[in-house]
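Novice: Could you work out the structure for the sequence below:
(2 chains)
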Protein chains: 2
Amino acid sequence: MTQKSNPNPTAALVEVAKIIEIELDTCIKKCNLPQHLEEAASYAVVNGGKRVRPALTLLCSEAVGGTLDQAMPSAIAVELIHCFSLVHDDLPAIDNDALRRGKPTLHVKSGEAMAILAGDLLLPVAFSQLICEQYSHEQQARLTKLLATATSDMVVGQVYDTIGGLPEHLDALQQLEEIHRNKTGALIRSACQMGAVCGNATPEEFEAISTFGSATGLMFQIVDDLIDLHGSAELVGKATGKDEEAGKTTYPGTIGVEASKLAVKDLQKQAETAISSLNGDAETLSSFNVWMAQRTR
Amino acid sequence: MTQKSNPNPTAALVEVAKIIEIELDTCIKKCNLPQHLEEAASYAVVNGGKRVRPALTLLCSEAVGGTLDQAMPSAIAVELIHCFSLVHDDLPAIDNDALRRGKPTLHVKSGEAMAILAGDLLLPVAFSQLICEQYSHEQQARLTKLLATATSDMVVGQVYDTIGGLPEHLDALQQLEEIHRNKTGALIRSACQMGAVCGNATPEEFEAISTFGSATGLMFQIVDDLIDLHGSAELVGKATGKDEEAGKTTYPGTIGVEASKLAVKDLQKQAETAISSLNGDAETLSSFNVWMAQRTR
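Specialist: Predicted structure coming up:
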């Protein structure tokens, strides 16, 4: 997509993030919302995020021979779900975060009622995106199912992370994986799978992208944990060392920093292998995968 | 559906409500949730509600020649969205209700974090219901769009009702209608329209059901306002006169009790006329409509 003019995956990501940001803005404006709700929804979605998930949707579509246009509504839907989860996770009753990406969280800015309701709004708006002329009815159904399942899983992950209730027969590492497979992994994997559906992947390609998505999703979380430990507030736009302070179990905390770094390397290779024989242009996806692993350092 | 053995619409409704309750319970159990989340979700949906919306979905399907089986997944989806909205509306930051149908609200019982997250969960579970073998891919797409639009509208209505921001050029009655067309009307109308889609309605039948749904939706709210004013806490299972206490604008408060009763009568007739020439069995739907109007008295 942007790879020819932008061989540097970070530059490509910045470019993709800009396009996504514009599309998200347009999407919210098209909803014809009351002004204060539109402002709150825009604040929640037009937030300068990295747009990792929608980028994966676009790049996975491209990797199986699809186009950016085909994948865009799904990319937007995925990011809307991600933004909804951020708004609700930040609420006082859940993670009680006052700052996100260096700015006040939505409930701090617009009040708790508006944050709950604007978050709620993003969910149906996300599902609406999928019912569009870019997709056949069959694609719409598959995309809806994938997004719905990932969203439920994400809520389960957040419940485990915030309230607890993990199966007791699991050991510490298994419990950690159970949290993150749901909380972060499910939506990242679905973002990839939805890209594959957008690009009319064969069943084999869909499987390959699913394997890629699972590996990338877990890798993303381990990298996030490592950044939380070593990053600076400036770099990540929120307080660092917060996981430790909050007593949250993390990969470095559970298996150690070195083992976490090795796991990232291993998962990156797994992801790379999975997409090595795809029929479309997987070069940007591959570079992106490398970038996602390297952002630890 | 139940009309032959149950000519009394109240008895028919009780019977439908029982079936819906069982289906909702099954639906949540099939999600394979962690136990505490399953308990919270079940508490939110298996709640002895009247099940007006899913009953409308089932009866509207029947009215255009469809079957109960065809309409059931949509009926469940609609009720899940309704239950989600109740859980979030009851939250301390929004309506701050401690009691619903005579029982503690979910956030009182299970904490605010669980109430937010269990509410969130019901949304994707609702959309998941629509992607099932009972429907063609085209029906799935239409149903998803109808449910998504109604859910967004409902959130807009709740924002108007709780936070304000109504267009200032509207007069008091128009503002009230703007709240309720969104907050209550949209989901009731979609419940009806989704029933029509399930029953493979012709475009003309779909239009007739839409007209029925709009009239019924508004009527439902006026009746609710009248019940709030004259009902007893025992009858409605929550504190009455609460609207007045909360300074909420209501139909009786805006146009008077007698004009509200006349409006109910008029809307009931409009709804009746709309469905008078449908091809399926609209008799139970018609009785149900009469019951919905009469429950004021």
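Novice: Look up the closest residue to A:A150, ignoring the ones flanking it.
Specialist: A:S190 (3.5 Å; C-beta to C-beta, 6 or more residues apart in numbering or on different chains). Yep, even glycine has a C-beta here, placed from its N, CA and C like the rest.
Novice: Just to check, that neighbour is in contact with A:E79?
Specialist: No. Between A:S190 and A:E79 there is no contact under C-beta atoms under 8 Å: 12.0 Å.
Novice: Using the three-state scheme, assign A:A201.
Specialist: The assignment at A:A201 comes out as coil when based on DSSP: H, G, I helix; E, B strand; the rest coil.
Novice: And the pLDDT at it?
Specialist: With respect to pLDDT, A:A201 scores 97.
Novice: Contacts for the strand or helix carrying A:I22, please.
Specialist: Assigned by DSSP states H and E, A:I22 falls within helix A:9-29. Helix A:9-29 is contacted from outside by A:1-3, A:6, A:38, A:41-42, A:45-46, A:48-52, A:54-55, A:58, A:72, A:75-76, A:79-80, A:83, A:125, A:129, A:284, A:287-288, A:290-291, using C-beta atoms under 8 Å, 6 or more residues apart in numbering or on different chains.
Novice: OK, contacts around the residue nearest to A:A150?
Specialist: Here A:S190 is in contact with A:78, A:146-147, A:149-150, A:213 (criterion: C-beta under 8 Å, 6+ apart).
Novice: Just the closest of the residues you listed to B:E112, please.
Specialist: A:A150 (24.5 Å; C-beta to C-beta).
Novice: Can you find the helix or strand in chain A with the smallest mean pLDDT?
Specialist: Lowest on mean pLDDT, DSSP states H and E among the helices and strands of chain A sits helix A:233-236, with a mean of 45.
Novice: Name the nearest residue to A:Q35, sequence neighbours excluded.
Specialist: B:G165 (6.6 Å).
Novice: which ones are touching that neighbour?
Specialist: A:34-37, B:159 are the contacts of B:G165 under C-beta under 8 Å, 6+ apart.
Novice: Any idea how many residues pack against A:D171?
Specialist: By other C-beta atoms under 10 Å in any protein chain shown, 9 other residues sit near A:D171.
Novice: now do A:T254
Specialist: 16.
Novice: for A:S276, same thing?
Specialist: For A:S276, the neighbour count with other C-beta under 10 Å is 11.
Novice: if I look at A:A263, how far off is chain B?
Specialist: Between A:A263 and chain B the computed distance is 25 Å (C-beta to the nearest C-beta, to the nearest Å).
Novice: are any of the contacts of B:G165 buried, and which?
Specialist: Among the contacts of B:G165, the ones that count as buried by 16 or more other C-beta atoms under 10 Å in any protein chain shown are A:34, A:36-37, B:159.
Novice: And those residues, which is closest to B:T250?
Specialist: Out of those, the member with the shortest distance to B:T250 (by C-beta to C-beta) is B:V159, at 18.2 Å.
Novice: just checking, A:G185 touches A:I222?
Specialist: No. Applying C-beta under 8 Å, one finds A:G185 not in contact with A:I222, separated by 10.7 Å.
Novice: Close to chain B: what parts of the stretch 151-297 of chain A are there?
Specialist: Contact residues, the stretch 151-297 of chain A versus chain B (C-beta under 8 Å from any C-beta of the partner chain): A:151-152, A:155-156, A:158-160, A:162-163, A:165-167.
Novice: Give me the outermost residue of chain A relative to its centroid.
Specialist: Ranked by distance from the centre of chain A (C-alpha atoms, centre = their mean), the top residue is A:H169, with 28.8 Å.
Novice: for that residue, phi and psi?
Specialist: phi -70, psi -10 (degrees, to the nearest 10).
Novice: And the helix or strand where A:V108 lies, what's buried?
Specialist: Using DSSP H and E, A:V108 falls within helix A:106-110. Residues of helix A:106-110 classed as buried by neighbour count (16+ other C-beta under 10 Å): A:106-108, A:110.
Novice: now swap in stretch A:166-186 and tell me
Specialist: For stretch A:166-186, by 16+ other C-beta under 10 Å, it's A:166, A:175-186.
Novice: Find out how far the helix holding A:I22 is from the centre of the chain, if you would.
Specialist: Mean-position distance between helix A:9-29 and its chain equals 14 Å (C-alpha atoms, centre = their mean, to the nearest Å).
Novice: Return it as CSV; C-alpha atoms alone will do.
Specialist: Extracted in CSV, the C-alpha atoms of helix A:9-29 (Å, rounded to 0.1, in the frame of the first residue of the first chain):
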residue,chain,number,x,y,z
PRO,A,9,7.6,0.8,8.3
THR,A,10,7.5,3.5,11.0
ALA,A,11,7.0,6.1,8.3
ALA,A,12,4.4,3.8,6.6
LEU,A,13,2.6,3.4,9.9
VAL,A,14,2.5,7.2,10.4
GLU,A,15,1.0,7.6,6.9
VAL,A,16,-1.6,4.9,7.5
ALA,A,17,-2.4,6.4,10.9
LYS,A,18,-3.1,9.7,9.3
ILE,A,19,-5.5,8.2,6.7
ILE,A,20,-7.3,6.2,9.5
GLU,A,21,-7.6,9.4,11.6
ILE,A,22,-9.3,11.2,8.7
GLU,A,23,-11.6,8.3,8.1
LEU,A,24,-12.6,8.0,11.8
ASP,A,25,-13.3,11.7,11.9
THR,A,26,-15.5,11.4,8.8
CYS,A,27,-17.3,8.4,10.2
ILE,A,28,-18.3,10.2,13.4
LYS,A,29,-19.4,13.3,11.5
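Novice: So for that helix, what gets flagged as buried?
Specialist: Neighbour-count burial for helix A:9-29, counted by 16+ other C-beta under 10 Å, picks out A:9, A:12-13, A:16-17, A:19-21, A:23-24, A:27-28.
Novice: try stretch A:62-73
Specialist: For stretch A:62-73, by 16+ other C-beta under 10 Å, it's A:62-66, A:68, A:70-73.
Novice: Make CSV from those and add pLDDT to it.
Specialist: Below are those laid out as CSV (pLDDT from 0 to 100):
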residue, pLDDT
A:E62, 95
A:A63, 96
A:V64, 96
A:G65, 95
A:G66, 96
A:L68, 89
A:Q70, 95
A:A71, 98
A:M72, 98
A:P73, 98
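Novice: buried subset of the contacts of helix A:9-29?
Specialist: A:1-3, A:6, A:38, A:41-42, A:45-46, A:49-52, A:54-55, A:58, A:72, A:75-76, A:79-80, A:83, A:125, A:129, A:284, A:287-288, A:291.
Novice: Might you report the residue contacts of the most centrally placed residue in chain A?
Specialist: What sits nearest the mean C-alpha location of chain A, by C-alpha atoms, centre = their mean, is A:R53, with 3.8 Å. A:R53 sits next to A:75, A:78-79, A:82, A:187-188, A:191 when contact means C-beta under 8 Å, 6+ apart.
Novice: now swap in A:G65 and tell me
Specialist: A:199-200, A:279-281.
Novice: Give the closest residue to A:G66 in space, chain neighbours not counted.
Specialist: Nearest to A:G66 is A:G199, by C-beta to C-beta, 6+ apart, at 2.4 Å.
Novice: residues near that neighbour, how many?
Specialist: A:G199: 25 neighbours (other C-beta under 10 Å).
Novice: can you tell me the helix or strand for A:A263?
Specialist: helix A:257-274.
Novice: Now do that helix: which elements does it pack against?
Specialist: helix A:203-230, helix A:251-255, helix A:283-294 (3 or more C-beta pairs under 8 Å, 6 or more residues apart in numbering or on different chains; DSSP states H and E).
Novice: Quick check: which element contains the nearest residue to A:S214 once chain neighbours are set aside?
Specialist: Spatial nearest neighbour of A:S214, chain neighbours left out: A:R189 (5.3 Å); criterion: C-beta to C-beta, 6+ apart. Element membership of A:R189, judged by DSSP H and E, is helix A:186-198.
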